[in-house]
Structure formats: C-alpha cells, structure tokens
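Participant: just a sequence and a predicted model for now, questions to come.
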Amino acid sequence: MQTDDEGYPGWTFVLDEYAKEDYKNLLNDERWNRLQTNALLDKANYFKKVKESEDEFFKTAKTALKANTKAPNLYQQIKTHNPYLSKQQQDYSISLKINDSTNAAYHVHLPKNYNPKKKYAALLFLHGGVRFSQLAEYQIPQKNLGGWNRFYTKYAALNEVILVFPTANKTYNWMTSDDGFFMIPKIVQQLKTALNIDDNKVFISGHSNGATGSFSYLMKQPTPFAGFYGFNTHPKVYTGGTFIENILNRSFINFSTDQDYYYPPNANDTLTKVMNNINADYKDYRYNGFPHWFPEFDESEPAYKILFTALTKSPRKPFPQKITWEFDDNRYGNIDWLSNIKLDTLATRKREHKQLNFKIEKELKYNKQDSLVFVNVDKQAFDFPRKSGKITASYEENTFTIQTSCIGSLSITISPEMINLKKKVKVYINDKLYFNQKIKYDPQFMLNNFIKTKDRSQIWVNVINLKI
C-alpha cells in the first residue's frame, strides 16, 4: 500500500480503530478480507523498515571507556567521547519503552548534512492536548514538521538545531501525571547515545499543555536542559507545588496572547512582576489580537525568531556556583551538583522558607454566544498540596555553604572544574561544619554516572553524602 498525501501508510486506513465504522458497508465483501490480509502484511513490512532505520540510527563506532583507566585520563576520555557516525536519513521514528506493556515513538529531525564530528543544539517540542492525545506507534515527518510547527522547522534549519517531537496521552504525559514525566529526560539520554549533541544546548519548548510541560521540567527536573520556552503557557505544576524560585537555576521565555482562555493576560502580567521581584531570567512577549492557537497564524513567526536567537546564545552552565531548589517529592530532589536530596517532613519550616503565590481574579471564558469575555474568579495561581523542603547552596575556593529547611540528607557531586582536588573540601550546612577532607577521583562512580546520563560536560568524579 502507498502512503496518502499526508504521509500516513495506506494500511492504517484499513486497520485503525475507526475502520469498522468508516467502511461498515464493505465488511461483508470478501474483497475486504483480502484487503485486510494485505494491510497486515504491509504493516509488518512497514515496522520492519522502521526497526531497521532505528537500528541504523543508534549504530555507533566501538569505543572502550574502562573504570581501570587512570582517573584523569578517563575524565578526558569521557569529555572528548565521540563514537558517532553519519546518518542515512534526515528523519527518524524512534521507539520509547514506557513500561512492559506500553510503547511510544518520537520523531527526530536532523539538520541537513548532519556531521557527527560537530556538536549540535537540540530542541524538544511538547505538543498540547495531552488529555485527548494518543501515544504514537510510529512517527512521520509530515505530522510534525509542517502546520503549526512550520516555523520550528524553518528556524531549526537556519540554525542547525536538531528537532525532537515526543508524543503523550492522558496517562503518560508531561503535565497531569508523573507516570510519564520520565519520558523527556529518557529521550535526551537516548539521543546522546546516537547523536553528537551539545550537552549545554538542550532545550524544551511547547504549546498549551506542552508549554505547561516545559514549565514543569523547569520547576522539577531542569538538570539536562539549558532553557525553556512556551507558547500560550499555563505556568503551573499540576502534580504538586509550583516553586517559582526554582527558575533561578535556568530561564523561561513565554509567548502569550491577550485572547487566551488557557491563561489570562492579567495573570501573566502579575507573574512577570513576581519573576522580576526575584530577579529571574524570565520574559513574557505579548501578542495582541490572537487566541490560544497563536502558532497557527503567520504573525507568530517573530516569536520563533526570538526563541532561536535566545537558544543560540543561552548555553547551560554545568557547574553553577549557586543553586536554589525547592521540592515536595523525593523523586525530584536533584539539581546539577546537588543530588539525592531527601525531605524531612517532620522538621520545622524555617521562617525564610516561604511559598510565593498570587491571586487570579479574572479569567477569559467563552459565553453561550461563543464570545470570549472576562469572568470574575477567586483562586490562587499555584497549589501546594504537600510539605516541601528547600535548599540554597553555593561554593567558592573549595568551600560549600548550604542552608536547608525540612531537608534530611543530601549529596554533593564533585567535578574537578568546581574544586581543587589537591586541597581539602569543606562543607558547611546551616552554619555547621559537616565535611573537611580531600576528594579523590572515583573512576567507577565517574563511569557509572556517564553511562546513566551520557553527559560529556557535566562529569562527576566523586560524591559527598551528608545526613543533616
């Protein structure tokens, strides 16, 4: 079977869930049975080719990184690790295992003339409507590169950026459920096994529910990423508390419109003031006269110019000298060189451990005449359903200074680009000295961490585990 004009394989129209209803008048015709048999064969052949393409995508040169290598040499080997090969295609459908019974697929679009010896920025786009979407078995270029995403395609080509398009559904997504939140970091790790990605230039963008997902990774799991973008964002974490000060570790650019039912312009204005008050790297660009589906319009193109200009000039700092982090779920007690932070929910919250919030008093709603009107509401911008812990930490001249509230334990991962390994490292927590020793390379720890993250920039050589 051939593909249709939109690129979908012909067998999908015979085998998909709507076929029995769409072609109910043909179901008793023996020719329909033959068509179904041929469609099943075509489907099997199609997925065989997808698997062959995926195998080629992940094929790399054989290289050996061994823990028994002299530690400083192993560090340099990881830093310069490049087993990457040329790719036969520009577009790939790659499978992603969700669990033992569920799989999805994401689409990878490479720059033209991809060169495996060169490092590339990568941008992951998160789609909206997660409650009504389905996990894709396969991906096709026509679905992702045109339409609302046409400007991503255009400016990614101009700037030689790798584009990645994951899929989500009601159960496994990046907004309403933590069951699928692992998907995006997992995709990044998979991509780094196959492509020469610049670890300090991995970004997330999205529209609507996807923009809220982008904001959620900023709030909960920003370590692998350099920056975050959103079109028509609802800036809120739906699975727990929204700890605004976490943005201080990265940045966010929002593209909002004045006719958006998803999040009102007055709330965006208040959020911008809150972000300015804490000196966050946050910008909101307002486009007047446009509804929630702003990316559909040609007038949205200037926003993409802003996005890609920022993307090329905003690399991640892999070893920031200061970290501010708040969380209410131990799964997200990790940020750059702070890891495995555990909550102490029985501890007394410190006075300075305050939650930032604001009230939303007006929202845009569609009335019975299908007109968008302001309605009065009385609600808080953010929810805080669980007790949180907060930590602020910094380092200078081999000394780490940490303040905590409702934290029971934590780990500090060490890089030779942060400290002098020939001198003792001191760690002060809440003004008390907890550690005062030299740190050595641990080759096995270094190698295990690299295997886990595939990060060639943020390389950890040892760890300090501390119980408060």
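Facilitator: That came through fine. Numbering: from 1, shown residues only.
Participant: what does the model give residue 412 for pLDDT?
Facilitator: Note on residue 412: pLDDT of 98.
Participant: contact partners for the closest residue in space to it that isn't next to it in sequence?
Facilitator: Counting by C-beta to C-beta, 6 or more residues apart in numbering, residue 412 lies nearest to residue 464, which is 4.5 Å off, once chain neighbours are set aside. Glycine gets a C-beta too; all of them are placed from N, C-alpha and C. Neighbour list for residue 464: 411-412, 414, 425, 427, 435, 439 [criterion: C-beta atoms under 8 Å, 6 or more residues apart in numbering].
Participant: phi, psi for residue 327 please.
Facilitator: Main-chain torsions, residue 327, degrees, to the nearest 10: phi -160, psi 160.
Participant: and the pLDDT at the closest residue to it other than its chain neighbours?
Facilitator: Spatial nearest neighbour of residue 327, chain neighbours left out: residue 333 (5.6 Å); criterion: C-beta to C-beta, 6+ apart. As predicted, residue 333 sits at a pLDDT of 98.
Participant: my guess is residue 333 contacts residue 326. True?
Facilitator: No - the pair residue 333 and residue 326 does not pass the contact test of C-beta atoms under 8 Å, sitting 10.2 Å apart.
Participant: re the thing from before, just the element for the residue nearest to residue 412, please.
Facilitator: Per DSSP states H and E, residue 464 falls inside strand 462-467.
Participant: next: residue 324.
Facilitator: Residue-wise, residue 324 maps onto strand 322-327 under DSSP H and E.
Participant: which strands and helices sit next to that strand?
Facilitator: Using 3 or more C-beta pairs under 8 Å, 6 or more residues apart in numbering; DSSP states H and E as the contact test, the elements touching strand 322-327 are strand 338-343, strand 389-396.
Participant: specify the stretch among the ones you listed that is closest to residue 276.
Facilitator: Distance to residue 276, taken as C-beta to C-beta, is lowest for strand 389-396 among these, at 19.9 Å.
Participant: if we can go back for a sec, make TSV out of the helices and strands packed on strand 322-327 and add mean pLDDT and distance to residue 277.
Facilitator: What follows is the helices and strands packed on strand 322-327, written out as TSV (pLDDT from 0 to 100; distance: least, C-beta to C-beta, whole Å):
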stretch	mean pLDDT	distance to residue 277
strand 338-343	98	24
strand 389-396	98	17
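Participant: model confidence for residue 6, exactly?
Facilitator: Value for residue 6, per-residue pLDDT: 57.
Participant: got it, and residue 2?
Facilitator: pLDDT at residue 2 comes out at 44.
Participant: again, but for residue 202
Facilitator: As predicted, residue 202 sits at a pLDDT of 98.
Participant: picking that back up, quick one: the strand holding residue 464 to chain centroid distance?
Facilitator: On the basis of C-alpha atoms, centre = their mean, to the nearest Å, strand 462-467 is displaced by 27 Å from the centre of the chain it belongs to.
Participant: so in that sheet, which strands flank it, and in what orientation?
Facilitator: Partner strands and pairing direction for strand 462-467 (DSSP bridges) are strand 407-414 (antiparallel).
Participant: and the strand it pairs with with strand 389-396, angle?
Facilitator: Orientation check (axes from the mean of the first three to the mean of the last three C-alpha atoms, to 10 degrees): strand 407-414 against strand 389-396 gives 30 degrees.
Participant: angle of strand 407-414 against strand 322-327?
Facilitator: 140 degrees.
Participant: re earlier: out of the helices and strands packed on strand 322-327, flag the one nearest residue 355.
Facilitator: strand 389-396 (9.4 Å).
Participant: please report the distance of the residue nearest to residue 412 from residue 410.
Facilitator: Using C-beta to C-beta, to the nearest Å, we find residue 464 at a distance of 9 Å from residue 410.
Participant: same question, residue 452
Facilitator: From residue 452 to residue 410 the distance is 19 Å (C-beta to C-beta).
Participant: more crowded one of these two?
Facilitator: Using other C-beta atoms under 10 Å as the criterion, residue 452 and residue 410 rank with residue 410 on top: 26 against 9.
Participant: mind checking how far the nearest residue to that one once chain neighbours are set aside is from residue 234?
Facilitator: Leaving aside its sequence neighbours, residue 410 sits nearest to residue 341 (C-beta to C-beta, 6+ apart; 4.5 Å). From residue 341 across to residue 234, the span is 27 Å (C-beta to C-beta).
Participant: looking at the two, which is more packed in?
Facilitator: Between residue 341 and residue 234, counted using other C-beta under 10 Å, the more crowded position is residue 341 (22 against 17).
Participant: tell me the contacts of that one?
Facilitator: 325, 327, 330, 333-334, 389, 391, 407, 409-411.
Participant: with residue 467 instead?
Facilitator: With contacts defined as C-beta under 8 Å, 6+ apart, the neighbours of residue 467 are 408-409.
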